[in-house]
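**Q** turn this into a model:
(one chain, ligands or ions: 1)
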Amino acid sequence: MTHPAQPIASHFINGEYVEDAAGTPIPVIYAYTGEQIATVHAATPAIVDAALASAEAGQKIWAKMSGTERGRVLRRAADILRERNHDLSVLETYDTGKPLQETLVADATSGADALEYFGGLAGSLTGEHIPMGEDWVYTVREALGVCVGIGAWNYPTQIACWKGAPALACGNSMVFKPSETTPLCALKVAEILHEAGLPAGVYNVIQGMGEVGGALVTDPRVAKVSLTGSVPTGRKVYAAAAADMKHVTMELGGKSPMIVFDDADIDNAVGGAINGNFYSSGQVCSNGTRVFVQKGIKEKFLARLAERTGNAVLGDPMDEATSFGPMVTENQMNIVLGYVEKGKAEGARLICGGKRADRDGFFVEPTVFADVTDDMTIAREEIFGPVMSVLDFDTEEEVVARANDTEFGLSAGVFTKDFTRAHRVIGNLEAGSCFINSYNDAPVEAPFGGVKASGVGRENSKEAIKHFSQVKSVYVRMGDVEAAF
Ligand code: NDP
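**A** Next comes the predicted model:
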């Protein structure tokens, strides 16, 4: 019998599901059981071409509609996502292995927030009137055209919406390529958008590996590329897009610092460290994986952290009591276990976890290392799994310098009761998305993105509008033209 996760077809183009079985089969594996639950096919060159052609035609119709009309479609889609949250969350759990306890509140709901927020903004995207004496200039905020979205595997529904919603609000169309690891959820987003009244061709989804992404990025019909992925992929995609001066948004990886001063509320800081390391089994780009703890409270912090980490419930992701799921794939599990072994070999002190869980599924136990030093591999490289490094520090000046000593700059957090210090430290940290006495909140109203190697551009908030539109300025002369001859 066909598994309920099996989509109708691999791609969604020009308002309908499309199959081309000539494309390489991509098995979809449920991370909890290791069972193959679905198969999709990578896009052939004909599918890539059809998606781009439909996006090009659809964009012309969509851009002519008023912002209010476009916004209405997005807001209707948000309502449908919310109505179907339970089923969409189950699908997200099949796609990623993340526990239903999380997907019910963080995936389709976050996608719906983006559609609602940008749907609300769509009618108010106006230009300026700039008086120049008796002359004047006016500006128009125009769509870019066909945009490409390329997603990572940790938040397939959310990424499809975080890219699609601002792109569409501005009058662009999109061809979205999910990660080959999690191909299912973006198809539902496309289906729901069209059910909500989107003209055919405005939001298309095609499957495939890196080469399909590469074909999209280099196509001359594409005006903009928005990628969520790793830094090495970001470098390649950014370079390929640059050849044609395409716009880019790059949401890449991180090795973010979370700094806990000795006056912090210990339980809140421990809660922040747990949210910033173990949610989605650590597969979150903005995670605060370098937890700097001031020496005076170190042992107290570690004891409370170990105690609370022991409360994680590993189990069937579909059971709402489960609070910690498997890694997305066996390969990712092995990568993470490799880092755990490096941590042990390089002399970090294992506080808890440190191995594959003794059960079915690709589970890595929530792992905490203490006495981590700045030069250890686990303190330098992004692991993308449930491995927290706790480092000690003495002074503010020292910890800020050490926190900034990385190529990444996605996020940073500070826990302290001294608000002057909190703002001063955040002001000195090289990171795009920061937190004070909290960690990993990502509301659609707040800009999200990194500095340094963690990326360029911002998702969410009014900032995203700037990255999915361009400004035309028009000088209007009211009098005669003066010329030299
Ligand atoms: P990858 O960088 O491996 O892949 C990201 C996407 O790019 C995938 O869809 C991939 O396809 C595609 N891709 C790969 N090569 C190319 C290419 N040459 N041209 C075009 N597209 C290509 O990342 P993962 O999927 O492994 O995701 C994990 C990474 O994503 C982590 O490093 C994490 O930090 C980052 N991330 C960043 C976030 C942010 O907002 N800053 C959020 C979430 C994750 P395929 O994999 O199918 O081959």
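
**Q** CA only for contacts and neighbour counts going forward, please
**A** Noted.

**Q** for stretch 32-43, which residues meet the burial criterion?
**A** Across stretch 32-43, burial judged by 16 or more other C-alpha atoms under 10 Å covers 32, 37-43.

**Q** and the residues you listed as JSON lines, adding secondary structure, pLDDT and distance to residue 442?
**A** Output for the buried residues of stretch 32-43, formatted as JSON lines (DSSP: H, G, I helix; E, B strand; the rest coil; pLDDT from 0 to 100; distance: C-alpha to C-alpha, whole Å):
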{"residue": "32", "secondary structure": "coil", "pLDDT": "97", "distance to residue 442": "27"}
{"residue": "37", "secondary structure": "strand", "pLDDT": "98", "distance to residue 442": "31"}
{"residue": "38", "secondary structure": "strand", "pLDDT": "98", "distance to residue 442": "31"}
{"residue": "39", "secondary structure": "strand", "pLDDT": "98", "distance to residue 442": "32"}
{"residue": "40", "secondary structure": "strand", "pLDDT": "98", "distance to residue 442": "31"}
{"residue": "41", "secondary structure": "strand", "pLDDT": "98", "distance to residue 442": "33"}
{"residue": "42", "secondary structure": "coil", "pLDDT": "98", "distance to residue 442": "32"}
{"residue": "43", "secondary structure": "coil", "pLDDT": "98", "distance to residue 442": "32"}
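
**Q** of the residues you listed, which is the nearest to residue 97?
**A** Nearest to residue 97 among these, counting by C-alpha to C-alpha, is residue 32 at 6.1 Å.

**Q** spit out the contact partners of the spatially closest residue to that closest one that is not a sequence neighbour.
**A** Using C-alpha to C-alpha, 6 or more residues apart in numbering and skipping the chain neighbours, the partner closest in space to residue 32 is residue 361 (4.2 Å). Applying C-alpha atoms under 8 Å, 6 or more residues apart in numbering to residue 361 gives the contacts 31-34, 326.

**Q** recalculate using a threshold of 6 Å.
**A** By C-alpha atoms under 6 Å, 6 or more residues apart in numbering, the contact list for residue 361 reads 31-33.

**Q** what do you get for residue 173?
**A** By C-alpha under 6 Å, 6+ apart, the residues touching residue 173 are 55, 59, 146, 202-203.

**Q** measure the residue nearest to it when sequence neighbours are not counted to residue 191 for me?
**A** Leaving aside its sequence neighbours, residue 173 sits nearest to residue 202 (C-alpha to C-alpha, 6+ apart; 4.5 Å). In this view, residue 202 and residue 191 are 11 Å apart by C-alpha to C-alpha, to the nearest Å.

**Q** between these two, who's got more neighbours?
**A** Each of residue 202 and residue 191 has its neighbours counted (other C-alpha atoms under 10 Å); residue 202 has more, 33 against 20.

**Q** next, give phi and psi for that one.
**A** As for residue 202, its main-chain torsions (degrees, to the nearest 10) stand at phi -80, psi -30.

**Q** follow-up on the earlier one: would TSV of the contacts of residue 173 with secondary structure be doable?
**A** Shown next, in TSV, are those (DSSP: H, G, I helix; E, B strand; the rest coil):
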residue	secondary structure
55	helix
59	helix
146	strand
202	coil
203	strand
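
**Q** closest to residue 400 out of those?
**A** Taking C-alpha to C-alpha as the measure, residue 400 lies nearest residue 146 of the contacts of residue 173, at 41.5 Å.

**Q** pretty sure that closest one contacts residue 222?
**A** Yes. Residue 146 is in contact with residue 222 according to C-alpha atoms under 6 Å; the separation is 5.1 Å.

**Q** neighbour count winner among those two?
**A** The residue with more neighbours, out of residue 146 and residue 222, is residue 146; 29 against 24, by other C-alpha under 10 Å.

**Q** now do that one against the ligand, distance only.
**A** Going from residue 146 to the ligand by C-alpha to the nearest ligand atom, to the nearest Å gives 16 Å.

**Q** report the beta-bridge partners for that residue.
**A** When assigned by DSSP bridges, residue 146 has beta-bridge partners residue 173, residue 222.

**Q** which residues touch it?
**A** Residue 146 makes contacts with 172-174, 222-223, as judged by C-alpha under 6 Å, 6+ apart.

**Q** tell me the phi and psi of the nearest residue to residue 274 once chain neighbours are set aside?
**A** Distances taken as C-alpha to C-alpha, 6+ apart place residue 309 nearest to residue 274, at 7.5 Å, with adjacent residues excluded. For residue 309, the backbone dihedrals (degrees, to the nearest 10) come out as phi -70, psi -30.

**Q** count of neighbours near residue 309?
**A** Residue neighbour count, defined by other C-alpha under 10 Å, stands at 20 for residue 309.

**Q** residues in contact with the helix or strand harbouring residue 292?
**A** For residue 292, the host element (DSSP states H and E) is strand 290-294. The set of residues external to strand 290-294 that reach it, using C-alpha under 6 Å, 6+ apart, is 257-262, 389-394.

**Q** buried subset of those?
**A** By neighbour count, with 16+ other C-alpha under 10 Å, these hold 257-262, 389-393 as buried.

**Q** does stretch 324-344 come close to the ligand?
**A** No. Judged by C-alpha under 6 Å from any ligand atom, stretch 324-344 and the ligand are separated, with a smallest distance of 8.6 Å.

**Q** quick one: mean pLDDT for that stretch?
**A** Stretch 324-344 shows an average pLDDT of 98 in the prediction.

**Q** one more: stretch 132-151?
**A** Averaged over stretch 132-151, pLDDT sits at 98.

**Q** tabulate the CA atom coordinates of that stretch in PDB.
**A** Taking Å, rounded to 0.1, in the frame of the first residue of the first chain, the C-alpha atoms of stretch 132-151 are listed here in PDB:
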ATOM      1  CA  MET A 132      13.400  69.000  -6.000                       C
ATOM      2  CA  GLY A 133      12.200  72.600  -6.100                       C
ATOM      3  CA  GLU A 134       9.700  72.800  -8.900                       C
ATOM      4  CA  ASP A 135      10.900  69.400 -10.200                       C
ATOM      5  CA  TRP A 136      10.400  66.100  -8.400                       C
ATOM      6  CA  VAL A 137      11.500  62.500  -8.300                       C
ATOM      7  CA  TYR A 138       9.300  59.600  -7.600                       C
ATOM      8  CA  THR A 139      10.400  56.100  -6.800                       C
ATOM      9  CA  VAL A 140       8.700  52.800  -7.600                       C
ATOM     10  CA  ARG A 141       9.400  49.500  -5.700                       C
ATOM     11  CA  GLU A 142       9.400  46.900  -8.500                       C
ATOM     12  CA  ALA A 143       9.500  43.200  -8.500                       C
ATOM     13  CA  LEU A 144      12.700  41.500  -9.500                       C
ATOM     14  CA  GLY A 145      11.100  38.800 -11.700                       C
ATOM     15  CA  VAL A 146      11.700  35.100 -11.400                       C
ATOM     16  CA  CYS A 147      13.300  34.100  -8.100                       C
ATOM     17  CA  VAL A 148      14.800  30.800  -7.100                       C
ATOM     18  CA  GLY A 149      14.600  29.400  -3.600                       C
ATOM     19  CA  ILE A 150      16.900  26.600  -2.500                       C
ATOM     20  CA  GLY A 151      16.200  25.000   0.800                       C
END
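
**Q** before we move on, back to that, could you export the contacts of residue 173 as TSV, including distance to residue 354?
**A** TSV is the format used below for the contacts of residue 173 (distance: C-alpha to C-alpha, whole Å):
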residue	distance to residue 354
55	47
59	50
146	46
202	46
203	43
